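Visitor: sequence and predicted structure below; questions after.
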Amino acid sequence: MSTPAKGGSMRTPLARVRNLGAAHSGTSDFWRQRVSAVAMILLLIPAIVIIMIMLGRNQAGAAQILGSPLIAIIVLLFIVASVWHMKIGMQVVIEDYVHGEKLKLAAIMANNFFCASVALASIYAILKLSSGV
Amino acid sequence: MNYELRKPGIGIERPLSPHLQTYRWTLTMAMSIFHRATGVALYFGTLLMVWWLIAVASEPANYATLQAFLGTWFGKLVVFGYTWALMHHLMSGIRHLVWDLGYGFGPKEREWLTAAALIGGIVATLLLWAVAYAAGGGR
């Protein structure tokens, strides 16, 4: 197509697309952000109902509700969708505002650690309640 | 090759696009940054969700501590703010999905859609809290 920019590579646009661009993952984050968003919209009504029936109960009552299979699965789905969504979202924010290369990498790593911790702590709690230990 | 090391705006001779400050604020602009701000708030707000789930999975005393915190005016303010951030981000996000599908880009449509998302988020928040109090959970 156009002549390569000064200092640019000789690769054709098609070859560049096959390598999925600078991020090497193409538009997969864009797509997953939409998938997780739609998932949360679908889970919204069940999630609201669960929170409403949890209100005002003591620990024993709350544990019984969260430990029941259907509710546990809905909460697990919501946790996975929301953590996935927020991991991608925060990475976009970091990439937009953090310009120093090292600080940016550190921030993206911290984002991954935070999201993994939130997900696993929440999933651990649900599984513990479901198995009744 | 060395463009990665270059600081933004340094060593660039090209004219830069006008800075954000020179634009008159519009509703769509404000809602764009609100979407991001509520997203960031919800990100850190998940710590509240983790606290809640861990508290349920641990001893009754820990859950009582959480409930005591949520019962204070500050705790209620945090949860109310969290509810609004979630509802706002939801409505604003649905607006983005509509745009992703290629609809609602007209001058009138986009303003209408944006206003609807803003009002919808507030109405949904108030509605949820009204239902919560009616259900007797508000304490």
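Guide: Arrived safely.

Visitor: in chain A, what residue is nearest chain B?
Guide: Across chain A, no residue is closer to chain B than A:Leu55, which sits at 2.4 Å (CB to the nearest CB). Using the backbone N, CA and C atoms, a C-beta is placed for each residue, glycine as well.

Visitor: now the phi/psi pair for that residue, please.
Guide: Note on A:Leu55: backbone dihedrals following degrees, to the nearest 10 are phi -60, psi 140.

Visitor: do A:Gly26 as well
Guide: The phi/psi pair for A:Gly26 (degrees, to the nearest 10) is phi 60, psi -130.

Visitor: against which helices or strands is whichever strand or helix holds A:Phe114 packed?
Guide: Element membership for A:Phe114 (DSSP states H and E) is helix A:101-131. When contacts are defined as 3 or more CB pairs under 8 Å, 6 or more residues apart in numbering or on different chains; DSSP states H and E, helix A:101-131 sits against helix A:59-66, helix A:69-97, helix B:27-57.

Visitor: in the helix or strand A:Ile51 falls within, what counts as buried?
Guide: Per DSSP H and E: A:Ile51 is located in helix A:28-54. Residues of helix A:28-54 classed as buried by neighbour count (16 or more other CB atoms under 10 Å in any protein chain shown): A:33-34, A:36-37, A:39-40, A:43, A:46-47, A:50, A:54.

Visitor: in JSON lines: the residues you listed, plus pLDDT.
Guide: Compiled in JSON lines, the buried residues of helix A:28-54 are given as follows (pLDDT from 0 to 100):
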{"residue": "A:Gln33", "pLDDT": "96"}
{"residue": "A:Arg34", "pLDDT": "96"}
{"residue": "A:Ser36", "pLDDT": "97"}
{"residue": "A:Ala37", "pLDDT": "97"}
{"residue": "A:Ala39", "pLDDT": "97"}
{"residue": "A:Met40", "pLDDT": "97"}
{"residue": "A:Leu43", "pLDDT": "96"}
{"residue": "A:Pro46", "pLDDT": "96"}
{"residue": "A:Ala47", "pLDDT": "95"}
{"residue": "A:Ile50", "pLDDT": "94"}
{"residue": "A:Met54", "pLDDT": "90"}
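
Visitor: distance to B:Ala132 added to these, as TSV?
Guide: What follows is these, written out as TSV (distance: CB to CB, whole Å):
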residue	distance to B:Ala132
A:Gln33	30
A:Arg34	30
A:Ser36	26
A:Ala37	25
A:Ala39	24
A:Met40	20
A:Leu43	19
A:Pro46	16
A:Ala47	14
A:Ile50	13
A:Met54	10
